[in-house]
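>>> next one to model:
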Amino acid sequence: MTSIGRVTIAEVLAEHTRPLHIHEIASRLGLTEGAYEPLRRVLDDLCWDGSVVALPGQRFRLARAREERERRGREHEGNLNVNPRGFGFVAVLDLPDDVYVPAEAMAGALHGDTVAIRVVTTSRRGIEGEVVRVVKRKTKRVAGVLRKRGRSAWIEPDDSRLRGPIVLKSEPRMNLEDGMAAVATITRFPEMPDENPEGVLEAVLGVPGDPNVEVAKVLVREAIEEEHPPEAIAEAEAFGGDVPREALVGREDLTHLPLPTIDPEDARDHDDAVWAVRNEDGSYRVWIAIADVSHYVRPGTALDEAAMSRGNSIYLPDRAIPMLPRALSANLCSLVPNATRLCMCVEIDLDATATVTGARIFEGFMRSRAALTYPGVAHALGLAKHAVPDPDAEAMREDLEVLWELSRQLRARRMRRGALDFDLPEAKVVLDLETGAPIDVEKRAHDPGVKKAYELIEELMLLANETVARELVTRNAPAIFRVHAPPNPERLERFITMCETLDVGFELEDASDPKKLSTFLKGITNHPHKQVLHSLLLRAMKQAVYDVNNGGHFGLASTAYLHFTSPIRRYPDLVVHRAVRALLQNERIDTSPEAEEKLKSAAMTASDCERRGMDIEREVVDLYRALYMRSHIGEVFEGTVTAVVGTGLFVAINNPFVDVLVRLDALGPDGYEVDESSLAVTGVRSGEQIKLGDTMLVQIEDVAVLRRSIYGRRVIEVDEEGVTEQRTRKVRRRASTNAPDKPSRGKTAKVSTKGRATRDRTNGAKTKKTKSSASKTKKTKKTRR
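Residues are numbered from 1 along each chain as shown. Model prediction:
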């Protein structure tokens, strides 16, 4: 048993930012109930001299001054996020705010490294610290541009957050060209603030700007390995391709249920299958079967380590980088048709109004009858007449109608309780199957019927996630929850200003009530500036994160929510499956401080990996957008102002679906300044205002592939076509892209309309996109529930 000392108790309280109940303090000290009285006496003494603060409910915390002294003396671990200007921040589990680290206190750490820091000062401005040592390097590989001067060579990192250049110590081969994209392996990391890393040349990737080269550089920069470690692959392949009979023992047999999967047409894995029946009284029973990944990926294995470090699968226009080796993700765990697969099943009973009346979770095995697609289901349900029919979906029409009716009621209930429904478009890159080059960038605009088929599955997945969350909360089981906090009022100022400008009613207090916010979103469904309003409001929202504490989900208006339905592609779902299995098998739950810290670390890592994956996916799409627009320099398009930044305006073009930066000096002969509200720019002499939501004609001036940026100039008039742009008033022409010709600068720009036949001025021939060219494309699609 630990001795009850003042210092020991202070150390226990210093390990947590939240107050601790006396029972928690006793547990962490290893005390029995008989020692509670001595513990109370020591706590009373600490409270009397001001070292500890007593709170209602027998809870205690360190006094602020004592807490700071304790923090200063301890080391904290976290990931270093470096700003291009040199300073950085470290997010630490047991500190309330990120720790600011000045450039001179980095101690040789680079962006992304896991570091140990010590708090130096705490003030109103925040917490400042210094790096004590590097715990783990993010990567030793750096992508950039090779530079040669005589016998010297170095790599200029693409990532401005990395200290550079990387000095190459071994003499590079003479035939290497200056300016090529390359990868270096760091052999000596800096130890002093004024030192640069040293390394050796690992590979020359090719010419900067090539799609494959640029994607490879992004993956190197973010330390993403496409191939799994050999140990993880070996463990996955050791399971074989079929489920052995002994693995079915003790599981419920669900093979009598059809349980189809319903996914996008290009789905690479299938981790959920659904079925429902409607009883004579109008009530429902629904089965939601999820791939049992936790049966194969056990804690402490190479598979688990690889999955946790990746955090999630990453989906790019030309490839998928799965969280798990393909032997599991595309085969043994995937719920492919007519194959026996292990599953975790949520069976839910609902009354005729779709109110949950009962639920149970169990381990089972199943055989999916069909791999259905959203278009096929939409056609079978009569929601999308132009979708390609699917014989399997047509055969299941009556049963799919039950699922559809249930999902409609579930969605209606969710909207009534205040769930938010943002309608923001995504970009879809279309690639040439032979060359891999982008041949179009479309708005991912679902056929309304196909979108309803997607919502059918979405509602059932949300139902399963909430059901499992409620069960784990009720059983007080440790888990990783999906938490979405209410918006910060300060971040809503721009949105409120925009609403006032557009004469749209919105009160600040409504933002903290999801039901009122949901009502507001419904009220602007047909507003001409709906997309801009949705975008501004979404920017004011906090990002959902993974947390061991259930804080509810504001956007879903849910009191308890987690991720359970996608364990093939998300690590938190796998952790939740393990928690569920522990309850089902009556295993002892480890509630030790060590287990709690391990779970916290997994949640933080999952949040970091999710942000990293989303940033990579977004950047690669922007890369392909820039590559595509290189052949459209000089062309004119109509777009909508969607953002105001310090350097100008972002204008969104619908077709092709790209964002164009129009700098302040490219807006016209007048000088323009950004308003304080950052919602408009104003002409210095004319007083003309260009606001969010305004439309304008934009001529593509330049494309910077390495910066993933497209630059344009506002068109005042286009003489040859007789088109006059009426400042920022609505322009009814719908412009677009498909002309391969690139007018030289200074000449009249050509306005073309995609999908219509246009007459080529050089030979008079009509040209338009043909089905044969469209058939040689590859459309990519990704969903993230």
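
>>> before we move on, which element is Ala378 in?
Here Ala378 is covered by helix 374-380, with elements defined by DSSP states H and E.

>>> pull stretch 324-334 out as CSV, backbone CA atoms only.
Taking Å, rounded to 0.1, in the frame of the first residue of the first chain, the C-alpha atoms of stretch 324-334 are listed here in CSV:
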residue,chain,number,x,y,z
LEU,A,324,-5.6,-3.0,-42.9
PRO,A,325,-3.7,-5.3,-45.2
ARG,A,326,-5.8,-6.2,-48.2
ALA,A,327,-6.0,-9.9,-47.1
LEU,A,328,-8.3,-8.6,-44.4
SER,A,329,-9.8,-5.3,-45.8
ALA,A,330,-10.7,-6.7,-49.2
ASN,A,331,-11.3,-10.3,-48.3
LEU,A,332,-11.6,-12.0,-44.9
CYS,A,333,-13.2,-9.1,-43.1
SER,A,334,-15.1,-7.7,-46.1
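
>>> now do the SS call for the most centrally placed residue in the chain.
Central residue of the chain (Cα atoms, centre = their mean): Met614, 3.9 Å from the mean position. Classification of Met614 using DSSP: H, G, I helix; E, B strand; the rest coil returns helix.

>>> and it, what's its pLDDT?
Looking at Met614, its pLDDT is 95.

>>> tell me how far it lies from Asp608.
Met614 sits 11 Å away from Asp608 when distances are taken as Cβ to Cβ, to the nearest Å. Glycine gets a C-beta too; all of them are placed from N, C-alpha and C.

>>> give me the phi and psi for the residue nearest to Met541 when sequence neighbours are not counted.
In this structure, Met541 finds its nearest non-sequential neighbour in Pro487, 5.1 Å apart by Cβ to Cβ, 6 or more residues apart in numbering. Here the main-chain torsion angles of Pro487 (degrees, to the nearest 10) amount to phi -70, psi 150.

>>> so how many other residues sit close to Pro487?
Pro487 has 20 neighbouring residues, counting by other Cβ atoms under 10 Å.

>>> do the same with Lys428
18.

>>> where does Arg494 sit: helix, strand or coil?
Going by three-state DSSP: Arg494 is helix.

>>> report how many residues lie close to it.
A count of nearby residues for Arg494, using other Cβ under 10 Å, gives 17.

>>> my guess is it meets Asp675, correct?
No - using Cβ atoms under 8 Å, Arg494 makes no contact with Asp675, being 10.6 Å away.

>>> spit out the contact partners of Ala143.
By Cβ atoms under 8 Å, 6 or more residues apart in numbering, the contact set of Ala143 is Pro157, Asp158, Asp159, Ala181, Ala182, Val183, Leu205, Ala216, Lys217, Val218, Val220, Arg221.

>>> next: Leu332.
Going by Cβ under 8 Å, 6+ apart, the list of residues near Leu332 reads Ala236, Phe239, Gly240, Gly241, Asp242, Val243, Tyr296, Arg341.

>>> distance check, the closest residue to the last one other than its chain neighbours against Asn550.
The reference is to Arg341. Counting by Cβ to Cβ, 6+ apart, Arg341 lies nearest to Leu335, which is 5.2 Å off, once chain neighbours are set aside. According to Cβ to Cβ, Leu335 stands 29 Å off from Asn550.

>>> higher neighbour count, the two?
Neighbours were tallied for Leu335 and for Asn550 using other Cβ under 10 Å; the higher tally belongs to Leu335 (26 against 19).

>>> tally of neighbours for Arg611?
When neighbours are defined as other Cβ under 10 Å, Arg611 has 13 of them.

>>> need the nearest residue in space to it, chain neighbours excluded.
Distances taken as Cβ to Cβ, 6+ apart place Gln543 nearest to Arg611, at 7.6 Å, with adjacent residues excluded.

>>> so Val167 is in which element?
Using DSSP H and E, Val167 maps to strand 166-168.

>>> elements contacting that strand?
When contacts are defined as 3 or more Cβ pairs under 8 Å, 6 or more residues apart in numbering; DSSP states H and E, strand 166-168 sits against strand 152-157, strand 181-188, strand 198-206.

>>> from the chain's centroid, how far away is the longest one?
In terms of Cα atoms, centre = their mean, to the nearest Å, the centre of strand 198-206 is found 30 Å from the chain centre.

>>> what sits up against the helix or strand following that strand?
Using DSSP H and E, the next helix or strand after strand 198-206 towards the C-terminus is helix 211-221. Residues outside helix 211-221 that contact it (Cβ under 8 Å, 6+ apart): 139, 141-144, 157-159, 181, 183, 205-208, 224-226, 316, 318, 321, 436-438, 616, 619-620, 623-624, 627, 705-706.

>>> in helix 211-221, what's buried?
Within helix 211-221, the residues scored as buried using 16 or more other Cβ atoms under 10 Å are Pro211, Val213, Glu214, Val215, Ala216, Lys217, Val218, Leu219, Val220, Arg221.

>>> just the angle between that helix and strand 181-188, please?
With axes from the mean of the first three to the mean of the last three Cα atoms, to 10 degrees as the basis, helix 211-221 and strand 181-188 are set at 20 degrees to each other.

>>> mind saving the C-alpha coords of helix 211-221 as CSV?
In CSV, the C-alpha atoms belonging to helix 211-221 read as follows (Å, rounded to 0.1, in the frame of the first residue of the first chain):
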residue,chain,number,x,y,z
PRO,A,211,0.6,13.7,-61.0
ASN,A,212,2.3,10.6,-59.8
VAL,A,213,5.4,12.5,-58.6
GLU,A,214,3.3,15.0,-56.7
VAL,A,215,1.1,12.4,-55.0
ALA,A,216,4.3,10.4,-54.0
LYS,A,217,5.7,13.6,-52.4
VAL,A,218,2.6,14.2,-50.4
LEU,A,219,2.7,10.6,-49.0
VAL,A,220,6.4,10.9,-48.2
ARG,A,221,5.8,14.3,-46.4
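
>>> what's the following helix or strand after it?
helix 230-237.

>>> and the helix or strand just after that next one, which strands flank it?
Counting by DSSP H and E, the element after helix 230-237 in chain order, helix or strand, is strand 252-253. The strands beside strand 252-253 in its sheet (DSSP bridges) come out as strand 356-367 (parallel).

>>> got the contact list for Asn465?
Arg482, Tyr561, Leu562, His563, Phe564, Thr565.
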